[in-house]
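> sequence and computational prediction follow.
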Amino acid sequence: MIVREASYNDVSQLVSLMEQLGYPTTLDKFKNRLSAIAEHPDYHTLVAEINGKIIGMAGLCSGLFYEYDGSYVRIVAFIVDKDYRRKGIGKKLIQEAECWAKKQGAVAIALNSGNRPERKEAHQFYTSLGYIAKSTGFSKRLV
């Protein structure tokens, strides 16, 4: 398995991963999203690949703190294909995300994960890697 930066050629495989993540989309819509993300210097997309098959993704975004000095990276999208879980792929993706964050000069890395019962195993995975549950997130659609 290799972890590398996502490319435009990965879009069709990433669409199915986004569906598994709970965010179904179309090929055209995701092409547009990934193109915009790839052009933005504060974003970085990693993929895990085995024999040409994309089996995982980590979408990262860096930002500046208001409350502290320095910057952080947020994992804004994270998925490992359901047929490849519990094989160390998620751990490797997280490690590579943390490496990218450090290269950006980030002093912290964070992620959000839903409070639904089916997310319990994901929460255990994150805590096993040293992540701490710290807050409750809120969101509101504007359109």
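Received it, and whenever you're ready, just let me know what you need. Numbering: from 1, shown residues only.

> CA atoms only: put the top strand by length along the chain into PDB for me.
Taking DSSP state E as the criterion, the chain has its longest strand at strand 53-64. Extracted C-alpha coordinates of strand 53-64, given in PDB (Å, rounded to 0.1, in the frame of the first residue of the first chain):
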ATOM      1  CA  LYS A  53      -7.200   0.800  -6.400                       C
ATOM      2  CA  ILE A  54      -8.000   3.800  -4.100                       C
ATOM      3  CA  ILE A  55      -9.000   2.400  -0.800                       C
ATOM      4  CA  GLY A  56      -8.800   5.400   1.500                       C
ATOM      5  CA  MET A  57      -8.800   9.200   1.600                       C
ATOM      6  CA  ALA A  58      -7.900  12.000   4.000                       C
ATOM      7  CA  GLY A  59      -8.900  15.500   3.100                       C
ATOM      8  CA  LEU A  60      -6.900  18.100   5.100                       C
ATOM      9  CA  CYS A  61      -7.200  21.900   5.600                       C
ATOM     10  CA  SER A  62      -4.800  24.100   7.400                       C
ATOM     11  CA  GLY A  63      -5.800  27.200   9.300                       C
ATOM     12  CA  LEU A  64      -4.800  29.800  11.900                       C
END
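
> list the helices and strands that strand packs on?
Taking 3 or more C-beta pairs under 8 Å, 6 or more residues apart in numbering; DSSP states H and E as contact, the helices and strands that strand 53-64 lies on are helix 11-20, strand 43-50, strand 71-80, helix 89-103. (Glycine included, C-beta is placed from N, CA and C.)

> could you pull up the mean pLDDT of stretch 105-117?
Mean pLDDT, stretch 105-117: 89.

> got it, and stretch 70-86?
95.

> quick one: residue 74 and residue 60 touch, right?
Yes: in this structure, residue 74 is within contact of residue 60 by C-beta atoms under 8 Å, at 7.2 Å.

> neighbour count winner among these two?
Regarding residue 74 and residue 60, a neighbour count based on other C-beta atoms under 10 Å identifies residue 60 as having more, with 25 against 18.

> so what sits opposite the more buried one in the bridge?
As for beta bridges, residue 60 partners with residue 44, residue 75 under DSSP bridges.

> how about the contacts made by it?
Contacts for residue 60 (C-beta atoms under 8 Å, 6 or more residues apart in numbering) come out as 43, 44, 45, 46, 73, 74, 75, 76, 97, 100, 101.
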